[in-house]
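Novice: Please find the sequence and the predicted model below.
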Amino acid sequence: MAYKIDENTCIACGTCIGECPQGAISEGDFYVIDPAVCIGCGTCADVCPMGAIAPEE
Ligand code: SF4
Ligand code: SF4
């Protein structure tokens, strides 16, 4: 299952990008996870200081 970033909670610190083993997170107008690339490992959610990342429902 892919993970998703809550753009209203994200403070754009950039921590998650460096921790994703798949390179699934990109920085545009908002930080976003590509669901086609994300393997659902949860690493990004573990490192996010804001708790902005969660499994996509
Ligand atoms: S769950 Fe894992 S693969 Fe998916 S975006 Fe987060 S760190 Fe990357
Ligand atoms: S680690 Fe969390 S707060 Fe930081 S850029 Fe990623 S989603 Fe946003």
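Specialist: Yes, it's here. Ligands and ions are numbered 1, 2, ... in the order given.
Novice: is ligand 1 contacted by stretch 46-57?
Specialist: No. Using Cβ under 6 Å from any ligand atom, we find that stretch 46-57 stays clear of ligand 1, coming within 6.5 Å at best. (C-beta placed from N, C-alpha, C; glycine too.)
Novice: Between the two ends of that stretch, how far is it?
Specialist: 18 Å (Cα to Cα, to the nearest Å).
Novice: Wondering if it reaches ligand 2 at all.
Specialist: Yes. Shown here: stretch 46-57 in contact with ligand 2 (Cβ under 6 Å from any ligand atom) through 48, 50, 52, 53.
Novice: Just give me the closest of those to ligand 1.
Specialist: Among the residues of stretch 46-57 next to ligand 2, residue 53 lies closest to ligand 1 (Cβ to the nearest ligand atom), at 6.5 Å.
Novice: if I pick residue 37, what's in contact with it?
Specialist: Contact analysis of residue 37 by Cβ atoms under 8 Å, 6 or more residues apart in numbering lists 22, 23, 24.
Novice: so which of these are also by ligand 1?
Specialist: 22, 24.
Novice: Now rank the contacts of residue 37 by neighbours and give me the top one.
Specialist: Among the contacts of residue 37, residue 24 has the most neighbours (other Cβ atoms under 10 Å), with 21 neighbours.
Novice: mind listing what it touches?
Specialist: Applying Cβ under 8 Å, 6+ apart to residue 24 gives the contacts 33, 34, 37, 38, 39.
Novice: neighbours around residue 34, how many?
Specialist: Around residue 34 there are 13 other residues, counting by other Cβ under 10 Å.
Novice: Could you check how far the nearest residue to it once chain neighbours are set aside is from residue 31?
Specialist: Excluding the flanking residues, the one nearest residue 34 by Cβ to Cβ, 6 or more residues apart in numbering is residue 24, at 5.0 Å. Residue 24 is 11 Å from residue 31, where distance means Cβ to Cβ, to the nearest Å.
Novice: again, but for residue 23
Specialist: From residue 23 across to residue 31, the span is 13 Å (Cβ to Cβ).
Novice: Good, wrapping up.
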